[in-house]
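S.K.: quick one: sequence and predicted model below, then my questions.
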Amino acid sequence: MPRLEDLGTTGVRATRLRPEIIIIDWKKNYREKDNPATLAHIAWLKESIRLEGVKKPIDVSYDDGKVYLESGYCRLTAAQQLRKEGWDGYIDGLPVKGDEASRIAKSLVDNTALPPTVLEFGKAAEQLLDGFHWDVERVAKLTPPHLGLKGKKAEQYVKQAVELQQAPMAVKDAVAHGVEVEGEQIAVSPALAVQATRKSREKAPEIIKAAVKKAKDSGKKTAKREKTAGKITKEKEAVATRARTLEKIGDELAKEVLKVTFDYDVCEDLAEEWQKKRVLQ
């Protein structure tokens, strides 16, 4: 039976492989290959590799005589592009163990040089949640460390990332590349994209464009979601509204009682309304 080692020179831990034989399975790979940050990182890596080679091995798997990428997309892509330009170097492939879910999880944790974007994380999280039946709490432990998210905040990030991944293509494109307005590129926050999609999947692109125009007119570089009142704020507003209503009823009742001749029916109605509003819910 053929082995990975038969395809290259065996090192202590990894196998030196020709970059062009390594296959990227886009059904599993969550990287956005046309993301500006990814393209810039690959360009930087090409210059580094051209001078010093690939310093860190990529993770690979070996199946039916073929080598598949598991983690290290940017390094592999940079090396593959260099090979086409005449570079004669190799790349170290480190075989990874475990099932596909654990390999996805490992790649999320290991990608520290260029952490996954929220869209990329959403694609990986969706695979783990739907394909491998992980729960949100488990996936939340894989959120990029630089975000500093833990507990419920990390879980909320996972849910938002997956929701964004499932948004219309135009919405995802707006987050990945921004929206051009009058010759200026305005970034779109993931939170705005999710909020717009929740309002209407059909009209989400229009909602985003309107928010982008508003941001541009305000001199902002990023269009963000409209802030809505939180639970505590809503509770405070409800208390204040109730207090104003009671004051209004009390004033009307007082005015009626202080009349020389008051309308008994009006007083009775106001008193009943007061009693109903006065009862704590």
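M.R.: Thanks, I have it. Here the structure is a predicted model, which is why all the values come from computation and not from measurement.
S.K.: alpha carbons only for contacts and neighbour counts from here, please
M.R.: OK.
S.K.: could you pull out the strands for the stretch 1-150 of the chain?
M.R.: Using DSSP state E, counting those that start in this stretch, the strands of the stretch 1-150 of the chain run over 9-10, 15-17, 22-23, 58-63, 66-71, 91-95.
S.K.: give me the number of residues near V158?
M.R.: 25 (other C-alpha atoms under 10 Å).
S.K.: and for A37?
M.R.: Counted by other C-alpha under 10 Å, the residues lying close to A37 total 15.
S.K.: domain-wise, how is the chain divided?
M.R.: 1-99, 115-166, 167-223, 231-278 (automatic domain parsing).
S.K.: from K55, how far off is S61?
M.R.: To K55, S61 is 19 Å away according to C-alpha to C-alpha, to the nearest Å.
S.K.: quick one on the thing from earlier: out of the strands of the stretch 1-150 of the chain, deepest packed?
M.R.: For the strands of the stretch 1-150 of the chain, the largest average neighbour count (mean count of other C-alpha atoms under 10 Å) is found in strand 91-95, namely a mean of 24.
S.K.: what's the longest helix belonging to the chain packed up against?
M.R.: In the chain, with assignment by DSSP state H, the single longest helix is helix 231-257. Packing partners of helix 231-257 (3 or more C-alpha pairs under 8 Å, 6 or more residues apart in numbering; DSSP states H and E): helix 264-278.
S.K.: list of residues touching the helix it packs on?
M.R.: With contacts defined as C-alpha atoms under 8 Å, 6 or more residues apart in numbering, helix 264-278 is touched by 242, 245-246, 249-250, 252-253, 256-257.
S.K.: for it, buried residues please.
M.R.: Buried residues in helix 264-278, counting neighbours by 16 or more other C-alpha atoms under 10 Å, are found at 267, 270-271, 274.
S.K.: run a quick neighbour tally on the closest residue to A79 other than its chain neighbours.
M.R.: Nearest residue to A79 in three dimensions, chain neighbours excluded: P19, at 6.2 Å (C-alpha to C-alpha, 6 or more residues apart in numbering). P19 sits with 22 neighbouring residues when counted by other C-alpha under 10 Å.
S.K.: please report how far P19 lies from D25.
M.R.: 14 Å.
S.K.: ranges for the helices of the protein?
M.R.: So, for the chain - with DSSP H - the helices run 36-52, 73-84, 100-110, 118-126, 136-140, 151-165, 169-177, 190-199, 204-217, 231-257, 264-278.
S.K.: in CSV, list the ones you listed along with mean pLDDT.
M.R.: Converted to CSV, those look like this (pLDDT from 0 to 100):
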stretch, mean pLDDT
helix 36-52, 93
helix 73-84, 94
helix 100-110, 88
helix 118-126, 94
helix 136-140, 95
helix 151-165, 94
helix 169-177, 93
helix 190-199, 94
helix 204-217, 93
helix 231-257, 77
helix 264-278, 78
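S.K.: rewinding a little: export the domains of the chain to JSON lines and tack on distance to S107?
M.R.: Formatted as JSON lines, those follow (distance: least, C-alpha to C-alpha, whole Å):
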{"stretch": "domain 1-99", "distance to S107": "5"}
{"stretch": "domain 115-166", "distance to S107": "10"}
{"stretch": "domain 167-223", "distance to S107": "21"}
{"stretch": "domain 231-278", "distance to S107": "37"}
